[in-house]
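Engineer: sequence? don't have it. structure:
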């Protein structure tokens, strides 16, 4: 059996990560913490350094070949180095990298997304989900002449000061569940940054209806399924009632599909749930790891960036190489390929649930075939952020580290992302590692 066959991974627990740790320590002289994003700090065994990716695997600086369920924080839905994408990117690089003008591949990308995403009559490209969220709020305020924006506890819409509030607040600072207190996500934020921003609990339709009835809210911004913290489906009828309340109040409904887009359904979670927002934000899996985001929506709203004085710009917006990656990614993500990956993702969830139960561990495995969440401790599935926050995070981190020592890399916050390249052999190897790691955690 080949040394890099997935079935061999669980046979040699005790993977070492000394080379990564040494590189991080050495280069922390130049990069604070040795990283370029705070979300890479605090990962198991310290931030890892990677040399290459291949399908469902990553190879790190120590030569470990790890089954990867980070998937670039959800971006690499086709796995690492998919040939359809890399071929398209190479071809575009040969033609040129940045023109400060439009390209035909940009138009092709826009047509493709507008044809598939229910809310996309028009769109504008950006380079990150944070930028797209900022643009959506600006458009909503311009369209309504209102200032107030509602977001939900546990939902993350980027790291900008105006919106990084209550994404993962400590419960001792968050206030009562029926009247959450906005909690800044970073030092250096000021209360003035949150002027006009209100936070409420998710999955409570009555709370949304009562607040919107005052008629002064410009935008209601939410993940259509709560996937930044947990992987929580909307309660039956919740999105429909929110949609109706926004329409009645003249509030712009914005879906943040940075995570849910192309994972819950290849046309977005809005297609899966049958509820169409006014504006939507897409990123991550849109171009399989290339820096592309989009704000999409109704024509009369999007046209405000031309006719309504709304400024939207960016040197790297619709950069041709990233547009080529987007087109290649979305054409490769056929309904059949998405369905096959989803079936394997569901088998992984079912196997995880069974393995944890057999080890005597109380845990919830919940979510969607290509993105789900594992929480230790709760007896019932979570309905909102406060339920997720009550989980035993320390126990789950021990489980994640036990998996890493057996060659399976998962996010310590409980999220698992599945790509089209996690085939049956990879799923089988993962479940072998899960069973061994679960026994280790159960034995203390």
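Structural biologist: Looks like it came in fine. What you are looking at is a predicted structure, and each value in this text was computed from that prediction instead of being measured. Residues are numbered from 1 along each chain as shown.

Engineer: Against residue 118, how distant is the most centrally placed residue in the chain?
Structural biologist: By Cα atoms, centre = their mean, the chain has its centre lying nearest to residue 259, at 3.0 Å. Residue 259 sits 18 Å away from residue 118, going by Cβ to Cβ, to the nearest Å. For every residue, glycine as well, the C-beta is placed using N, CA and C.

Engineer: do residue 210 as well
Structural biologist: Taking Cβ to Cβ, one finds residue 210 at 28 Å from residue 118.

Engineer: who has more neighbours, these two?
Structural biologist: Using other Cβ atoms under 10 Å, the more surrounded residue of residue 210 and residue 118 is residue 118, with 16 against 12.

Engineer: you'd agree the more buried one is up against residue 268?
Structural biologist: Yes - shown here, residue 118 and residue 268 form a contact pair, counting by Cβ atoms under 8 Å, at 7.0 Å.

Engineer: wait, isn't the residue nearest to the centre of the chain in contact with residue 74?
Structural biologist: Yes - shown here, residue 259 and residue 74 form a contact pair, counting by Cβ under 8 Å, at 5.3 Å.

Engineer: list the residues that contact both of those two?
Structural biologist: 284, 371 (Cβ atoms under 8 Å, 6 or more residues apart in numbering).

Engineer: can you map out the strands along the stretch 201-350 of the chain?
Structural biologist: 217-222, 252-257, 279-282, 293-297 (DSSP state E, counting those that start in this stretch).

Engineer: Of all those strands, which one is nearest residue 272?
Structural biologist: strand 252-257 (10.5 Å; Cβ to Cβ).

Engineer: how far is the closest one from where the chain is centred?
Structural biologist: 15 Å (Cα atoms, centre = their mean, to the nearest Å).

Engineer: Relative to that strand, what are the paired strands and their orientations?
Structural biologist: Looking at strand 252-257 with DSSP bridges, its partner strands are strand 217-222 (parallel), strand 279-282 (parallel).

Engineer: what ranges do the helices span in the stretch 201-350 of the chain?
Structural biologist: 205-212, 238-249, 269-273, 299-302, 304-307, 320-332, 335-358 (DSSP state H, counting those that start in this stretch).

Engineer: Report the distance from the longest one to the chain centre.
Structural biologist: For helix 335-358, the distance from its own C-alpha centre to the chain's C-alpha centre is 19 Å (Cα atoms, centre = their mean).

Engineer: name the helices or strands packed onto it?
Structural biologist: strand 363-368, strand 371-376, helix 424-442 (3 or more Cβ pairs under 8 Å, 6 or more residues apart in numbering; DSSP states H and E).

Engineer: could you dump those to CSV with mean pLDDT?
Structural biologist: Formatted as CSV, the helices and strands packed on helix 335-358 follow (pLDDT from 0 to 100):
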stretch, mean pLDDT
strand 363-368, 97
strand 371-376, 98
helix 424-442, 97
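
Engineer: Now render these as CSV, adding mean neighbour count and distance to residue 193.
Structural biologist: Conversion of those to CSV gives the following (neighbours: other Cβ atoms under 10 Å; distance: least, Cβ to Cβ, whole Å):
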stretch, mean neighbour count, distance to residue 193
strand 363-368, 23, 32
strand 371-376, 24, 29
helix 424-442, 20, 40
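
Engineer: Out of these, flag the one nearest residue 312.
Structural biologist: Of the helices and strands packed on helix 335-358, the one closest to residue 312 (Cβ to Cβ) turns out to be strand 371-376, at 28.7 Å.

Engineer: Quick check: which helices or strands does the closest one pack against?
Structural biologist: helix 335-358, strand 363-368, helix 393-404, strand 415-417.

Engineer: quick one on the thing from earlier: could you point out which of the helices and strands packed on helix 335-358 sits nearest residue 168?
Structural biologist: strand 371-376 (13.6 Å).

Engineer: can you give me how far stretch 360-377 is from the chain middle?
Structural biologist: 16 Å.

Engineer: swap in stretch 200-210?
Structural biologist: Going by Cα atoms, centre = their mean, where stretch 200-210 is centred and where its chain is centred differ by 23 Å.

Engineer: Flag every buried residue along that stretch.
Structural biologist: Across stretch 200-210, burial judged by 16 or more other Cβ atoms under 10 Å covers 200-205, 207-209.

Engineer: thinking again about what came up before, now the strands of the stretch 201-350 of the chain in TSV, please, with extra columns for mean neighbour count.
Structural biologist: Listed next are these as TSV, based on neighbours: other Cβ atoms under 10 Å:
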stretch	mean neighbour count
strand 217-222	26
strand 252-257	30
strand 279-282	29
strand 293-297	29
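
Engineer: wait, which of these is closest to residue 412?
Structural biologist: strand 252-257 (22.5 Å).

Engineer: got the contact list for that closest one?
Structural biologist: 119, 129, 133, 136-137, 139-140, 143-144, 155, 157, 218-224, 242-243, 246-247, 268-270, 277-282, 301.

Engineer: List buried residues within those residues.
Structural biologist: Buried among these by 16+ other Cβ under 10 Å: 119, 129, 133, 136-137, 139-140, 143-144, 155, 157, 218-224, 242-243, 246, 268-270, 277-282, 301.

Engineer: what's across from residue 65 in the sheet?
Structural biologist: Where residue 65 sits in a bridge, its partners, by DSSP bridges, are residue 59.

Engineer: Hmm, residue 59 and it touching each other?
Structural biologist: Yes - assessed by Cβ under 8 Å, residue 65 is found in contact with residue 59 at 5.3 Å.

Engineer: Now the spatially closest residue to residue 317 that is not a sequence neighbour, what are its backbone angles?
Structural biologist: Once flanking residues are discounted, residue 317 sits nearest to residue 125: 4.9 Å by Cβ to Cβ, 6 or more residues apart in numbering. Residue 125 adopts backbone torsions of phi -90, psi 150, taken as degrees, to the nearest 10.

Engineer: wait, what's in contact with residue 125?
Structural biologist: Here residue 125 is in contact with 106, 109-110, 292-294, 317-318, 323 (Cβ under 8 Å, 6+ apart).

Engineer: Redo those as TSV? Include distance to residue 26 and pLDDT.
Structural biologist: Formatted as TSV, the contacts of residue 125 follow (distance: Cβ to Cβ, whole Å; pLDDT from 0 to 100):
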residue	distance to residue 26	pLDDT
106	40	98
109	40	98
110	44	98
292	32	98
293	33	98
294	38	98
317	35	97
318	37	97
323	37	98
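
Engineer: before we move on, the earlier item: nearest to residue 313 among the strands paired with strand 252-257 would be which one?
Structural biologist: Here strand 279-282 is closest among the strands paired with strand 252-257 (Cβ to Cβ), at 17.0 Å.
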